[in-house]
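> no sequence on this one, just coordinates:
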């Protein structure tokens, strides 16, 4: 079983400097329920939050 899955953000999960679309967000959210996920990016933290983190559901 995979213990960690790593994705690049721009050009893989989303268009460059664009937020993830609804389908990708849904798929990523489902994946996060089952395995650890790392997302890498060459952008700054503010851009990373805008593109990815602020769009993910906040599960408790």
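The structure has been received and is ready for your questions. Being a predicted model, the structure only gives us computed values, none of them experimental.
> where does the nearest residue to residue 41 once chain neighbours are set aside fall, phi/psi-wise?
Computed as Cβ to Cβ, 6 or more residues apart in numbering, the closest residue to residue 41 that is not its neighbour in sequence is residue 9, at 4.0 Å. Glycine gets a C-beta too; all of them are placed from N, C-alpha and C. With angles defined as degrees, to the nearest 10, residue 9 shows backbone torsions of phi -80, psi -70.
> which positions in the longest helix seen in the chain come out as buried?
Determined from DSSP state H, the single longest helix within the chain is helix 22-32. Residues of helix 22-32 classed as buried by neighbour count (16 or more other Cβ atoms under 10 Å): 24-25, 28.
> just to revisit the earlier point, just checking, the residue nearest to residue 41 touches residue 38?
No: the pair residue 9 and residue 38 fails to qualify as a contact (Cβ atoms under 8 Å) at a distance of 10.5 Å.
> list the contacts for the residue most central in space within the chain?
Nearest residue to the geometric centre of the chain (Cα atoms, centre = their mean): residue 52, 5.1 Å. For residue 52, the residues meeting the contact criterion (Cβ atoms under 8 Å, 6 or more residues apart in numbering) are 9, 13-14, 19-20, 39, 41.
> and for residue 9, the neighbour number?
Burial of residue 9 is recorded as 20 neighbouring residues (other Cβ atoms under 10 Å).
> shaky segments in the chain?
Applying pLDDT under 70 to the predicted model, the residue ranges of the chain that meet it are 59-60.
> which parts of it are strands?
Using DSSP state E, the strands of the chain run over residues 4-8, 36-40.
> for residue 47, which of those strands is the nearest?
Taking Cβ to Cβ as the criterion, residue 47 comes closest to strand 36-40 out of the strands of the chain, the separation being 12.2 Å.
> partners of that closest one, with directions?
strand 4-8 (parallel) (DSSP bridges).
> out of the buried residues of helix 22-32, which is nearest to residue 4?
residue 28 (14.1 Å).
> tell me who's in contact with that closest one.
By Cβ under 8 Å, 6+ apart, the contact set of residue 28 is 13, 20, 37, 56.
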